Structure formats: C-alpha cells, structure tokens
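>>> The sequence and its predicted three-dimensional model are supplied below.
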Amino acid sequence: MAFDMREFILNKDVPVPLYYQFKQILLEKITSGALAESECLPTEMTFVSMLGISRSTVRQAFHDLVNEGWLTREKGKGTFVRKPKIDEGFFLKLDSFNQEMRLKGLEPGTQVLNQARVAGRPEINRQLSLPGEAALLYLCRLRKADGEPVVYLETWLPFEPVQALLSEDFTTRSLYDALEERYNWRVERAVRKIEAVGATAREAKFLGLKSGAPICLVRSTAYLEDGTPIEHSIARYRGDRNQFTVELIRK
C-alpha cells in the first residue's frame with residue numbers, strides 16, 4: 001500500500017492519548033484489509049516526520065500492536081503486518097475444534113493423516129485405565145483455520161468399544177459428535193496439561209514451521225459422564241498462531 005499520511009488524522013485537543021489515536025487508525029487499516037498481511041510499515045521516524053508526533057508516541061502504538069499480535073518486528077528489516085493469534089478457549093469449555101473456529105469467524109478444516117487399530121502403548125493405556133496389551137484406535141489429524149495448519153493432533157481411544165469409528169470420515173466429522181451419535185456417550189470433562197516444546201521434524205513439516213520452532217504441547221484425557229476415560233490426545237499447537245485463555249475465579 002502507498003501510505004497516504006493524510007488519512008492519519010490525530011486530534012491534539014481531545015483527552016485521548018495520541019498514541020492510542022494512532023494505534024486505532026493502524027488497527028482499522030489492518031482489520032479492514034487496507035494493510036495486507038506481511039506488508040512492511042514505514043519507519044518510526046517517517047511517521048514522526050510526516051505526522052508531527054513524538055517517536056515515543058509511534059513506539060507505544062507499535063508496541064501495543066505487537067503484543068496484541070497485529071504486528072511483528074524483525075531486527076534490521078522493519079515492522080510488518082501479521083495475522084493475530086487464534087485465541088484458543090478450550091481451557092474454559094469443551095467445544096469441538098470446528099465449533100471454536102466458526103465462533104471466531106474462521107473456516108475449519110481437517111486432514112486425516114492416520115486412522116487405524118494399533119497395539120497398546122503403556123503410557124497411553126494408563127491414561128485410559130486399560131490393560132497394557134489392550135488395542136487402541138489411533139487417529140492423527142492436521143487441523144486448519146482458513147486453510148492454514150494450526151494444530152497437529154494425535155488421539156487414542158480404547159479400540160474394542162469404538163472400533164466402528166475406523167470407518168468414520170473425520171475430515172468433516174467431530175469425534176465427540178460421533179461418540180454421542182453412535183454410542184450415546186457424552187464427554188463430560190477433560191484434564192489438560194500444557195507445556196512449551198520444540199517441534200520435531202515431522203511436526204514442523206505438517207505445521208509449516210522450521211524444525212525446533214516453539215509449539216504448545218497439550219496433553220488431554222477426556223471422561224464420560226460416569227467418569228470413564230474415553231480419549232487421550234496430544235495436540236501440538238503452532239506457537240506463532242495460537243494463544244490460550246484461562247479464567248481464574250477466586251472462591
């Protein structure tokens with residue numbers, strides 16, 4: 001975009017801070033699409049010179065927009081427009097990925113990488129309260145938002161009671177919906193643990209990252225209404241495209 005500084009109208013006679021006025025103009029241009037993703041902004045000093053404002057005013061606005069995920073700064077290159085991170089609310093409620101994405105105005109997509117009966121794994125079977133040798137149903141999916149890969153997800157379930165799910169089409173189908181409709185099983189709660197790790201070569205390949213790039217690894221065990229563990233999953237979320245909200249209540 002060719003910048004027209006006449007569009008940056010700042011009013012010095014109102015009590016609204018100049019940095020905030022400047023920030024809101026930039027934000028409107030990003031959200032409206034007038035500033036495209038990856039577009040490089042003029043330098044701080046260009047804005048200072050053209051708008052007659054202080055460098056600290058420009059810097060504060062840039063700082064806020066970087067922290068909010070709308071801009072990114074690359075040393076020696078400049079300040080660039082970026083997509084904001086997807087705010088994952090799944091620590092607050094149990095929604096399917098498709099529901100979460102649609103609520104955020106994003107189009108969900110799923111690529112099934114593997115769907116098979118596999119031998120039991122001691123660490124997984126323990127989470128599902130199964131004997132060590134019990135077979136598992138393994139489901140590996142790449143979840144996408146507006147066509148961009150954001151989550152690499154591995155899921156295991158006890159094979160014997162859910163073996164009919166081997167024929168389910170999970171490119172469009174929610175696992176929890178399938179459990180409810182086929183078996184009348186409703187997932188009531190889940191326990192989740194999160195940590196920051198580096199992406200393996202395989203994970204990086206599917207997520208469009210460099211090997212070792214930061215990802216959020218989330219281990220979850222989901223339980224039915226009677227307390228039976230029915231699903232254990234390991235999700236790898238792109239660190240550059242996801243953030244997580246947790247609500248704490250003081251009792």
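Cool, got the structure.
>>> Output the below-cut-off pLDDT ranges for this structure.
Within the chain, the ranges that satisfy pLDDT under 70 run 1-3, 83-105, 241-251.
>>> Show me the strands in it, by range?
71-74, 78-81, 86-88, 108-118, 136-145, 148-158, 187-198, 214-224, 229-238, 242-244 (DSSP state E).
>>> Tell me the spacing between Phe170 and Tyr176.
Distance of Phe170 to Tyr176, given as Cβ to Cβ, to the nearest Å: 11 Å. Backbone N, C-alpha and C define where each C-beta goes, glycine included.
>>> what packs against the longest helix seen in the chain?
What stands out as the longest helix in the chain, according to DSSP state H, is helix 18-32. Under the contact criterion of 3 or more Cβ pairs under 8 Å, 6 or more residues apart in numbering; DSSP states H and E, helix 18-32 touches helix 55-67.
>>> Recalculate using a threshold of 10 Å.
helix 44-51, helix 55-67, strand 71-74, strand 78-81 (3 or more Cβ pairs under 10 Å, 6 or more residues apart in numbering; DSSP states H and E).
>>> ok and the first one relative to helix 55-67, angle-wise?
Using axes from the mean of the first three to the mean of the last three Cα atoms, to 10 degrees, one finds that helix 44-51 and helix 55-67 are set 120 degrees apart in direction.
>>> For helix 44-51, list every residue counted as buried.
If you call a residue buried by 16 or more other Cβ atoms under 10 Å, then helix 44-51 has these buried ones: Glu44, Phe47, Val48, Leu51.
>>> How about the last one?
Along strand 78-81, these residues count as buried under the neighbour rule (16+ other Cβ under 10 Å): Thr79, Val81.
>>> for the second one, same thing?
The neighbour-count criterion (16+ other Cβ under 10 Å) identifies Thr57, Val58, Gln60, Ala61, Phe62, Asp64, Leu65 as the buried residues of helix 55-67.
>>> For the closest residue to Leu209 other than its chain neighbours, give me its contacts.
Counting by Cβ to Cβ, 6 or more residues apart in numbering, Leu209 lies nearest to Ala199, which is 5.2 Å off, once chain neighbours are set aside. Neighbouring residues of Ala199 by Cβ atoms under 10 Å, 6 or more residues apart in numbering: 152, 205-207, 209-215, 217, 236, 238-239.
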